[in-house]
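Peer 1: sharing a sequence plus its predicted fold:
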Amino acid sequence: MGWFFRTFYSTIGKKLIMSLTGLFLCSFLLVHLTGNFQLFKDDGGEAFNHYSEFMSTNILIRILEIGLFLGFALHMTEAFWLYFLNKRARPVAYAKNQASENSTLISRTMIWSGSIVLVFLLVHLKSFFFDHRIIGSELTMYQGVVQAFQDPLYSWFYVLAMVLLGFHLNHGFQSAFQTLGLNHKKYTPLIKTVGLLFSILVPLGYITMPLYFLFTK
Amino acid sequence: MKLTLHVWRQKDAKSKGKFAVYQANDILEDMSFLEMLDVVNEELIAKGEEPIAFDHDCREGICGCCSLYINGRAHGPKRGITACQLHMRSFKDGDTIFIEPWRARPFPVIKDLIVDRTALDRIIQAGGYISARIGSAQDANAILIGHDQAEASMDAAACIGCGACVAACKNASAMLFVSAKVSHLALLPQGLPERESRVLNMVAQMDKEGFGACTNTGACEAECPKEIKITNIARLNREFLRATVI
Amino acid sequence: MNLDAKIPSGPLAEKWTKHQAEMKLINPANKRKYEIIVVGTGLAGASASAALGEMGYNVSAFCYQDSSRRAHSIAAQGGINAAKNYQNDGDSIYRLFYDTIKGGDYRAREANVHRLAELSVNIIDQSVALGVPFAREYGGYLDNRSFGGAQVSRTFYARGQTGQQLLLGAYSALSRQVGLGQVKMFERHEMLDVVIVNGRARGIISRDMVTGEIKRHVADSVVLATGGYANVYYLSTNAKGCNATAIWRAHKKGAMFANPCYVQIHPTCIPVSGEHQSKLTLMSESLRNDGRVWVPKKQGDNRKAEDIPDDERDYFLERKYPSFGNLVPRDVASRNAKQVCDDNRGVGTSKQAVFLDFRDAINRLGKPKIEERYGNLFQMYEQITGENPYITPMRIYPAVHYTMGGLWVDYNLQSTVPGLFVLGEANFSDHGANRLGASALMQGLADGYFVIPYTMGGYLGSGGLDKVTTEHQAFAEAENSIRGLTDKLLSINGSKSVDYYHKALGKIMWDKVGMGRNAKGLTEAIAEIKAIREEFWQNVRVLGSGNELNQSLEKAGRVADFMELGELLAKDALHRNESCGGHFREEYQTEDNEALRDDDNFAYVGAWEYTGKNSEPVMHKEALAYENIHLSKRSYK
């Protein structure tokens, strides 16, 4: 096991964890989004409630949930660890630095976009996981969603977080492949295109939900 | 032209440094950036002030000595060149120019604009070579290397080890430097017997020196005077994965 | 003093093999008992350090740069010669040997040159094994290009960065030894003196350029691989830091200095743009294949090139040398450019340049073809001058870029001081009066990889080395004299900077000891150098202290040495009453301005002995015996 820890203790190893967990979380985003689209079914939330009931009781899903939790935890821990290591690598900052000439703002601010998404995640978990699953609520999941999204503050925060998630994905998606060593003139343009579409469409998909309930219900 | 320079002055590694402001008068656009500094230094000497210390040697863009962070950019505002190849026609009369040393924990300032880059040498010493005993080589044509393969290797081998990648990276990461050497040798059949130990040892040394991690911003590639590509970093990652996990 | 070159007996082609077989060996267990100092980490120094370290010797390597990878070998562009005959075009070791002797205008030692040609093939093998990415053909075999006048294609290259790639190969081998602890690397250290104990070189005094600490280093042998002295001209294609301090101070300790007047001046450099100019950049000679060299016919013509009609242009090379035209050899091209500029027909703001015009080639071949051939050079030119050579003709002017002379060495590369070996450009041995293109890299690596590992064993194995420590009186004396020199430089506190004196020296050297030399000019130069040297020691201003990084102090010591070397160079040029290779005496030329060699009186190596500060140097002659090659006139017709 020595090699394992040595590998993942190295800077490249940490980045590998970031990319693997990141891609795993991307798959979660997609699955979660697909399921949540049932909110739009005009059946008073029946399908959605059924779906959320299934998600919270199925044993397989529960096991995957642990993996998901670990994925988030690893992604965040490594992110902050790397952030501090990277900060430490430059103890004296430049007095004048024109980073915009050589890199995108999005790529340089992953820690910030990620952190805001993290705050969102905590709020999100409180509303839809903690309150419903741990404490228990007399509202159905659907009712809970409707209630939450009718609060403009909550909804706009949701929108903001999703925009930042888009930024995060915009750099993170293709960057994960680069970290995994997958960069080739044959397929990298495809990865970049898919990454761009993913980073726009997935957050957009999520954004439709609060806006739908904010403006139609 | 007349310029206002804000130059980092620091007596030695232990002292605290600060910016000094100098007026550079009578600068001609045909001067190279370093010749402009020569002019400033001659004036300083005439006034009895110590000249600005900066690293430089070949002054034709190949030795990798010069290492100036000019107006917020490694090697200054133009892409694909070193500071010694930068000419004053890239500036205009009345400009204010900030000149700072490379900033990274593994590159401590020695004096003024001079930093210690021996960390990069130590990374090479850890594994950036092929162990070919002198005198034991077979005929050069006994190793066939396809034209494109040789060219790809040469693309990576063009690195001059100036450290601009580290200087420009927000994480002070040396990945581009390390990946250039790893790629250069991994792309050649002669380099394959040691490919695993090479990448592991070089990465371990890189981490030990305290360089940051790569977050794929691409700043290194953009500021590299030899335009080394970050596809090399992907290859480094691949080599690393190959040596560890696979 | 008798200069014994120690050339092995026997047929030329067997000398080296025979010598290798006869030299003493040191068994592996004993090698680790020896300490060797190598100064300089260019091709010669890095390859020597790597080779000696790998054999088991304890090596200390020194370089003034911040990394051993930055030595100026890195700037060589074109390529490296080797008699591989991969092209099946008739090349052979003998032909490379012959071309090198002839190219050197019959002023090099046959045995050394033949060994160089023999070893050339091993260099390519070794470099490839170390991972040098030489250019390849599509089938995977090594590619060659033609170079500098040779009739065969024997030049191996890695784009325009052959020197860089070969150096990085040697540097990686050196780094491996550093990692293994066989070589101890001293970066940012400069050698300020060699220490002689009982007549043998036993160590050096160095200055740590960061802390200013003066240190003593003891060893069983000292190897100097510190490059040439072209910076005596201030402006040259050498790196700013290139200096002659190591070889000059060794010279003052007893090593003879051979043929200092042999300096190569390259015709196609980017001209000086003003007083501020700090160094010169070479443009590949290949440009003369398609470019036409001209100046205006009228003196002081200030019109733009485009505005000067054809009948008012003087294509002087084509006019004077109708058969060779723009492709005359380097020295002729350089000299003629100087002559037209002296005639007040130079171009550009400085008037010290001639045009190299691609207009006709572009009209004939089209811009894309020219771009394909010279694109990167055109770009480089535009970067420096801000002019587009596709539209405006290039301006070029000759510049000093290599010195064939250097410390005298015997066949073993040992100087006249036992235990002091000299490799690469720092010695005088292989290029005679003129070096062929793509041969400098070859010599540096041959000396380091393949000669010194044997001859060093031969020297150490012969015994006679006393036990010496840094406490020896000779170390104390050397250190004190260096401290005295440093204190003196810092205490003058005059009114002029070091660069001022370096430029002044360079101007004298260039004007009077440059491309065209004559007795009157040389005599004047000797007096002027003396005068400027005296002024330097009265009036130079070196600020700061000796206990810190002090670039002015470093430069001051180097310039002080250049001022002495410059005088010797002029004296050597004055004594050599002939023209040969890079040494052109205007008094000795044929009617059609060709160099006029005098084999009857000057077919020898002139090795100068230092006799003290206030006494004249003494010249010793090593007669050059040509047993295999017939001396003939070098003709370009």
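Peer 2: Everything's here; your move.
Peer 1: is it fair to say residue C:280 lies in a helix?
Peer 2: No - per DSSP: H, G, I helix; E, B strand; the rest coil, residue C:280 lies outside any helix segment and is coil.
Peer 1: list the contacts of the nearest residue to it once chain neighbours are set aside.
Peer 2: Of all residues not flanking residue C:280 in the chain, residue C:399 sits nearest, at 4.1 Å (CB to CB, 6 or more residues apart in numbering or on different chains). C-beta coordinates here come from the backbone N, C-alpha and C atoms, glycine included. Contact analysis of residue C:399 by CB atoms under 8 Å, 6 or more residues apart in numbering or on different chains lists C:235-237, C:265-266, C:269, C:280, C:282.
Peer 1: nearest residue to residue C:198 other than its sequence neighbours?
Peer 2: Nearest in space to residue C:198, with sequence neighbours left out and distances taken as CB to CB, 6+ apart, is residue C:466 at 6.2 Å.
Peer 1: does that neighbour touch residue C:220 like I think?
Peer 2: No - between residue C:466 and residue C:220 there is no contact under CB atoms under 8 Å: 10.1 Å.
Peer 1: mind checking the SS state of residue A:158?
Peer 2: On the basis of three-state DSSP, residue A:158 is classed as helix.
Peer 1: so which helix or strand takes in the residue of chain B found nearest chain A?
Peer 2: Of all residues in chain B, residue B:238 sits closest to chain A, at 3.0 Å by CB to the nearest CB. Using DSSP states H and E, the element containing residue B:238 is helix B:231-244.
Peer 1: state the mean pLDDT of that helix.
Peer 2: Summarised as a single mean, pLDDT over helix B:231-244 is 96.
Peer 1: right, is it up against chain C?
Peer 2: No - against chain C, helix B:231-244 shows no contacts by CB under 8 Å from any CB of the partner chain, the least distance being 13.9 Å.
Peer 1: give me the contact list for that helix.
Peer 2: Residues outside helix B:231-244 that contact it (CB under 8 Å, 6+ apart): A:3, A:7, A:10, A:12-13, A:15-16, A:178-185, B:156, B:175-176, B:178-180, B:182-183, B:186, B:195-197, B:199-200, B:203, B:214, B:216.
Peer 1: again, only this time at 6 Å
Peer 2: Defining contact as CB atoms under 6 Å, 6 or more residues apart in numbering or on different chains, one finds that helix B:231-244 is touched by A:7, A:12, A:178-179, A:181, A:183, B:156, B:175, B:179-180, B:182-183, B:186, B:196, B:199-200, B:203, B:214.
Peer 1: next one: stretch C:187-196
Peer 2: Against stretch C:187-196 from outside (CB under 6 Å, 6+ apart): C:39, C:62-64, C:66, C:201-210, C:222, C:246, C:249-250, C:253, C:474-475, C:478, C:482.
Peer 1: among the residues you listed, which ones are buried?
Peer 2: With burial judged by 16 or more other CB atoms under 10 Å in any protein chain shown, the buried subset of these is C:39, C:62-64, C:66, C:201-210, C:222, C:246, C:249-250, C:253, C:474-475, C:478, C:482.
Peer 1: check what pLDDT residue 171 gets.
Peer 2: Going with chain A. For residue A:171, the pLDDT comes out at 97.
Peer 1: looking at chain C here, not the other one
Peer 2: At residue C:171, the model reports a pLDDT of 98.
Peer 1: may I have the phi/psi pair for it?
Peer 2: The phi and psi values for residue C:171, taken as degrees, to the nearest 10, are phi -60, psi -40.
Peer 1: the nearest residue to it once chain neighbours are set aside: neighbour count?
Peer 2: Counting by CB to CB, 6+ apart, the nearest residue to residue C:171 once its immediate chain neighbours are dropped is residue C:69, at 4.5 Å. Other residues lying near residue C:69 total 26 when counted by other CB atoms under 10 Å in any protein chain shown.
Peer 1: before we move on, what SS does residue C:69 have?
Peer 2: Under three-state DSSP, the three-state class of residue C:69 is helix.
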